[in-house]
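Student: here is a sequence with its predicted model. Questions after.
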Amino acid sequence: MNTRDTGIRYALIAVIAVTLVATSGCGWFRSKKDPYKNAAENRPLEVPPDLDRPRVDAAMQIPAVRSRAASDTAAAGASISAAPQALISDGQFVLADTLDSAWRRVGLALERMDGVTVGTRSQALGTTEVAYKGQTFLVRLRAQDESTEISAVATDGRSLAGGPAAELLALLKTRLG
């Protein structure tokens, strides 16, 4: 063998060795630390010192509420003959009950009435969609001091004072009374 062939052979072996090292994933040159663990996105949340306590000003105070036992006792002592609601005008009446209790009572009464189809309900808005005698409308509840106003409203927002809506409100008033 001649020296020129051995030189080429050694050069070829060197090129193969360098290629193997280059394609091995460079594991020898890689840092063993995990750089993603030190990323800014992974640091714990720092809450500013003035935001770690709740506000204590008067606007954030929760008002005192009567106990449920006291309100139940008062309701039990009320005369059955006394009407708990009074008619305001056509298309609405007032129920002498809190909004939460009236919401529950009106919902149950509507579900148990024949011919009434109850649709979507939104307690946050105080509305229940109902279909009665071919008319679809909303039964709306609004708080008034210690009572709740119940009215019928068309889907476009206008007040309904006659027709099936007034009939349903009259039935609802007698059922809740």
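Tutor: Looks like it came in fine.
Student: C-alpha only now, for contacts and for neighbours.
Tutor: Noted.
Student: now the helices for the protein?
Tutor: With helices called from DSSP state H, the chain shows them at 3-22, 68-77, 99-112, 163-176.
Student: between those, which gets the lowest average pLDDT?
Tutor: Ranked by mean pLDDT, the helices of the chain end with helix 68-77 at the bottom, a mean of 52.
Student: phi, psi for Ala39 please.
Tutor: Main-chain torsions, Ala39, degrees, to the nearest 10: phi -70, psi 150.
Student: against Ala165, how distant is Ala154?
Tutor: Noted for Ala154: a distance of 9 Å to Ala165, by CA to CA, to the nearest Å.
Student: one step back: can you say which of the helices of the chain is nearest to Tyr132?
Tutor: helix 163-176 (6.4 Å; CA to CA).
Student: so for that closest one, what gets flagged as buried?
Tutor: Buried residues in helix 163-176, counting neighbours by 16 or more other CA atoms under 10 Å, are found at 164-166, 168-170, 172-173.
Student: in those residues, find the pair that's most separated.
Tutor: Largest separation among the buried residues of helix 163-176 by CA to CA: Pro164 and Lys173, giving 14.0 Å.
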